[in-house]
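Asker: Starting from these lines, generate the structure:
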Amino acid sequence: RGVEGVGGSGFPGRIPLADMTTTPGEAGEQERAWTHQRMTWLRRSSEFDLATEQRASAEKRAQRATSFRKSRLGSDEIEDCMQTGAQFPVPVPLATMVAVLTEIWEEEGLT
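Answerer: Residues are numbered from 1 along each chain as shown. Below is the predicted model of the structure:
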């Protein structure tokens, strides 16, 4: 009788139960070693996740800043795109779009 697993040869096989038995003292020591190793893995994983999240956040901030700088379209360019149905060449911030639309509505007497 044994347990399915990887034998000493590195190939799947049965591990004899005799090889899996430990004394109570060894079991406690192995459990402490396992817990220590697990905590090390978790800490490294958390540090990696935090670093990855920080990098992604920094990249997003840089991308938004670049996008905002690029989106400095004039109101005439925005109006031209709206009249022709052409796609805006860069994203237009909501505040800019509201200002342009308000200006148009005021010029046409819609407010």
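
Asker: Can you tell me the closest non-neighbouring residue to Asp80?
Answerer: In space, Asp80 comes closest to Ala86 once its chain neighbours are excluded; the distance is 7.4 Å by C-beta to C-beta, 6 or more residues apart in numbering. Yep, even glycine has a C-beta here, placed from its N, CA and C like the rest.

Asker: secondary structure class for the one you found?
Answerer: Secondary structure assignment for Ala86 (DSSP: H, G, I helix; E, B strand; the rest coil): coil.

Asker: what's it sitting at in phi/psi?
Answerer: Dihedral angles phi and psi of Ala86 (degrees, to the nearest 10) take the values phi -70, psi 150.

Asker: Which pLDDT value belongs to it?
Answerer: Ala86 is assigned 91 on the pLDDT scale.

Asker: quick one: it and Ile78 touch, right?
Answerer: No: counting by C-beta atoms under 8 Å, Ala86 sits too far from Ile78 to count as a contact (10.6 Å).

Asker: Between these two, which has more neighbouring residues?
Answerer: A side-by-side neighbour count of Ala86 and Ile78, using other C-beta atoms under 10 Å, places Ile78 first with 20 against 10.

Asker: gap between the host helix or strand of Ser46 and the chain center?
Answerer: Secondary structure assigned from DSSP states H and E places Ser46 in helix 24-70. The chain centroid and the centroid of helix 24-70 are separated by 12 Å, computed with C-alpha atoms, centre = their mean, to the nearest Å.

Asker: and it, what's its mean pLDDT?
Answerer: For helix 24-70, mean pLDDT is 82.

Asker: Identify the residues contacting the spatially closest residue to Pro89 that is not a sequence neighbour.
Answerer: Once flanking residues are discounted, Pro89 sits nearest to Leu73: 7.4 Å by C-beta to C-beta, 6+ apart. Neighbour list for Leu73: Phe88, Pro89, Val90, Val92, Thr96 [criterion: C-beta atoms under 8 Å, 6 or more residues apart in numbering].

Asker: Phe48 now?
Answerer: With contacts taken as C-beta under 8 Å, 6+ apart, Phe48 has no neighbouring residues.

Asker: and it, how far is that from Gln54?
Answerer: According to C-beta to C-beta, to the nearest Å, Phe48 and Gln54 sit 11 Å apart.
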